[in-house]
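Chemist: sequence unavailable; structure follows:
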């Protein structure tokens, strides 16, 4: 029940007492006034008590109504607790419970939306240099704390301070795992929350500026990969802060793992490129340079024996080999960084590649393009490398004279077909032995979720086709009409490219 408003009750009592006194006085005076008239005197004497009850009831009703009307209503602010208290004064118990439940649901939805936004932002970042600062910044903003620090496992004995925000932490690079809070905070499902510096005296005493702290382990598949510290929230940390930070820490751990996988993939790609470069140098440039050395020695011996004609022939071969080595090196450099691929797309990059191969190998190469579509750069890169591997096989093994490359784009798919008139091979034997780079081609097709079809018959040539499903949202830049012929030779490509540049 509500407390009685004492001033209002006293005011009503005083007015009521005054009214009763007036009534007694007025009633007696009326009887004296109307005494000479018998009929009114008789009526007043008979109904005096009834009139008293009616008049006093009306007066009390009027006083109480005026008192309640003037009573100030409680202020309503946009805060769940105030709204609930106000509702509890004005509504029945079931309605209050409903309002409390709805307020709690709205608060949880707001928290979930916040976590989802943070998760999306984290997963968009692909490097640790981007992810770690974002984790600390968002943890600090999410709770209104004074600072945040992220420590990741370096080895079994040390945690490395990977990033921190705010100026409340000591300038440390590493923290021993067996030291104080670091040991406790790495235990799975063990969240530390304290607003009392004396709770962890070993941590707080050296750093008196620390007043409150939440330490949460970063878990991945049940194992701790680090810990997140958030400190110095005005007013102290609450259970809600701990719960929200726990949800955030789970997403942060996934973001860190995702960034690490991305970096590992990049490192693996670099390692594969290095292996490929070493193999190509050994198979091409190194062999040519070895031949150069042999011809140089032969030339020296011929000159010593005064065999000028033989020395002249050797020098001619030396020049040819040197040109071949230069051409091979240029192709390798182009393979490492084809600038046209990123700047102008797959078609232009393949044009440049085909021109280089035709000039070096003397092949007749035809390129046909149907439709136009820019694919995601990763898909274009893999298609380019697939084409490059296939063309290298043609140059080295096929003994072909004519090669055709056909690219066809639609809104939902892309087809790339490479066909030659060379000696061919047995696909079953080649795939089983892993030769001719077919294993690399198959792996790249699998990376882009494509389909690979390979047809080859000995002495009847080879046909390779890759099919890739594409997105309707792929960018479609404007292409100069001069770069969109339906069928053209490499000579036409060179002229077209020269005009376009």
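Modeler: Received the coordinates, thanks. Fair warning: this is a prediction, and the values are worked out from it, not measured in the lab. Numbers count the residues shown, from 1 in each chain.
Chemist: check contacts around the nearest residue to residue 158 once chain neighbours are set aside.
Modeler: With C-beta to C-beta, 6 or more residues apart in numbering as the measure, residue 174 is the residue that lies nearest to residue 158, at 4.8 Å, once sequence neighbours are left out. In short, each C-beta sits where N, CA and C put it, glycine included. By C-beta atoms under 8 Å, 6 or more residues apart in numbering, residue 174 lies in contact with 154, 158-161.
Chemist: show me what residue 174 is bridged to.
Modeler: Each beta-bridge partner of residue 174 is listed here: residue 160, as defined by DSSP bridges.
Chemist: state the distance from it to residue 152.
Modeler: With distances taken as C-beta to C-beta, to the nearest Å, residue 174 is found 11 Å from residue 152.
Chemist: show me whatever sits in contact with both of the two.
Modeler: Going by C-beta under 8 Å, 6+ apart, residues that sit against residue 174 and also against residue 152 are 159-160.
Chemist: helices or strands up against the helix ranked longest in the chain?
Modeler: Under DSSP state H, the helix in the chain containing the largest number of residues is helix 239-280. When contacts are defined as 3 or more C-beta pairs under 8 Å, 6 or more residues apart in numbering; DSSP states H and E, helix 239-280 packs onto helix 93-124, helix 128-143, strand 192-194, strand 213-220, strand 223-231, helix 308-336.
Chemist: may I see the ones you listed arranged in TSV, with distance to residue 269 and mean pLDDT as well?
Modeler: Below are the helices and strands packed on helix 239-280 laid out as TSV (distance: least, C-beta to C-beta, whole Å; pLDDT from 0 to 100):
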stretch	distance to residue 269	mean pLDDT
helix 93-124	21	71
helix 128-143	17	86
strand 192-194	40	86
strand 213-220	24	89
strand 223-231	24	89
helix 308-336	12	83
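Chemist: export these to CSV and tack on mean neighbour count and distance to residue 423?
Modeler: As requested, these are exported to CSV (neighbours: other C-beta atoms under 10 Å; distance: least, C-beta to C-beta, whole Å):
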stretch, mean neighbour count, distance to residue 423
helix 93-124, 13, 50
helix 128-143, 19, 50
strand 192-194, 19, 71
strand 213-220, 23, 53
strand 223-231, 23, 54
helix 308-336, 15, 22
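Chemist: and these as CSV, adding distance to residue 409?
Modeler: Output for those, formatted as CSV (distance: least, C-beta to C-beta, whole Å):
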stretch, distance to residue 409
helix 93-124, 28
helix 128-143, 33
strand 192-194, 57
strand 213-220, 41
strand 223-231, 43
helix 308-336, 24
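Chemist: who wins for proximity to residue 439 among the ones you listed?
Modeler: Between residue 439 and the helices and strands packed on helix 239-280, the shortest separation by C-beta to C-beta is 18.2 Å, and it involves helix 308-336.
Chemist: wait, residue 410 touches residue 375, no?
Modeler: No - Residue 410 lies out of contact with residue 375 (C-beta atoms under 8 Å); the separation is 11.8 Å.
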